[in-house]
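Student: no sequence on this one, just coordinates:
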């Protein structure tokens with residue numbers, strides 16, 4: 001019988017961003033189809049990892065946490081015109097605040 005040690009916050013963050021098929025990269029790819037660049041702050045990634053530790057779900061729980069965060073973004077972003085970037089912050093993760101959306105500058109009519 002082997003005993004598995006729980007992953008720490010840094011290890012969970014690495015799992016979120018480093019593998020070729022990392023969850024964050026999957027969402028970035030999906031949003032890129034709508035020409036939207038998805039970014040996560042370092043504090044947001046840490047907050048996701050802390051949530052997984054609190055829930056005692058480890059790496060397996062990362063997908064569920066990320067799905068909760070990204071659900072509205074994935075549905076709302078394609079229907080909104082001119083969004084060029086979506087920033088997931090710590091507050092998005094911990095306080096259920098909306099992500100920060102950056103829009104293309106509208107061409108000024110002369």
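Tutor: The structure has been received and is ready for your questions. Since the model is a prediction, treat every value here as computed from it, not as a measurement.
Student: hey, where'd the helices end up in the chain?
Tutor: 9-17, 23-32, 42-54, 60-76, 90-94 (DSSP state H).
Student: how about the ones you listed in JSON lines, adding distance to residue 82 and mean pLDDT?
Tutor: No exception for glycine: its C-beta is placed from N, CA and C like everyone else's. Below are the helices of the chain laid out as JSON lines (distance: least, CB to CB, whole Å; pLDDT from 0 to 100):
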{"stretch": "helix 9-17", "distance to residue 82": "27", "mean pLDDT": "97"}
{"stretch": "helix 23-32", "distance to residue 82": "14", "mean pLDDT": "97"}
{"stretch": "helix 42-54", "distance to residue 82": "23", "mean pLDDT": "97"}
{"stretch": "helix 60-76", "distance to residue 82": "13", "mean pLDDT": "95"}
{"stretch": "helix 90-94", "distance to residue 82": "20", "mean pLDDT": "97"}
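Student: how much space between residue 50 and residue 88?
Tutor: 15 Å (CB to CB, to the nearest Å).
Student: of these two, which one has the most company?
Tutor: Taking other CB atoms under 10 Å, residue 50 and residue 88 do not tie; residue 88 has more neighbours (24 against 17).
Student: may I have the beta-bridge partners of the more buried one?
Tutor: Counting by DSSP bridges, residue 88 is bridged to residue 40.
Student: residue contacts, it?
Tutor: Applying CB atoms under 8 Å, 6 or more residues apart in numbering, we find residue 88 in contact with 38-41, 44, 69, 73, 99.
Student: compare those and tell me which is most surrounded.
Tutor: Highest count within the contacts of residue 88 by other CB under 10 Å belongs to residue 40, 26 neighbours.
Student: mind checking pLDDT for that one?
Tutor: For residue 40, the model assigns a pLDDT of 98.
Student: give the burial count for residue 75, as a bare number.
Tutor: Quick note: residue 75 (other CB under 10 Å) scores 9 neighbours.
Student: same check on residue 77?
Tutor: So residue 77, with other CB under 10 Å, has 19 neighbours.
Student: same deal with the one 10 residues further on?
Tutor: Under the neighbour criterion other CB under 10 Å, residue 87 is assigned a count of 15.
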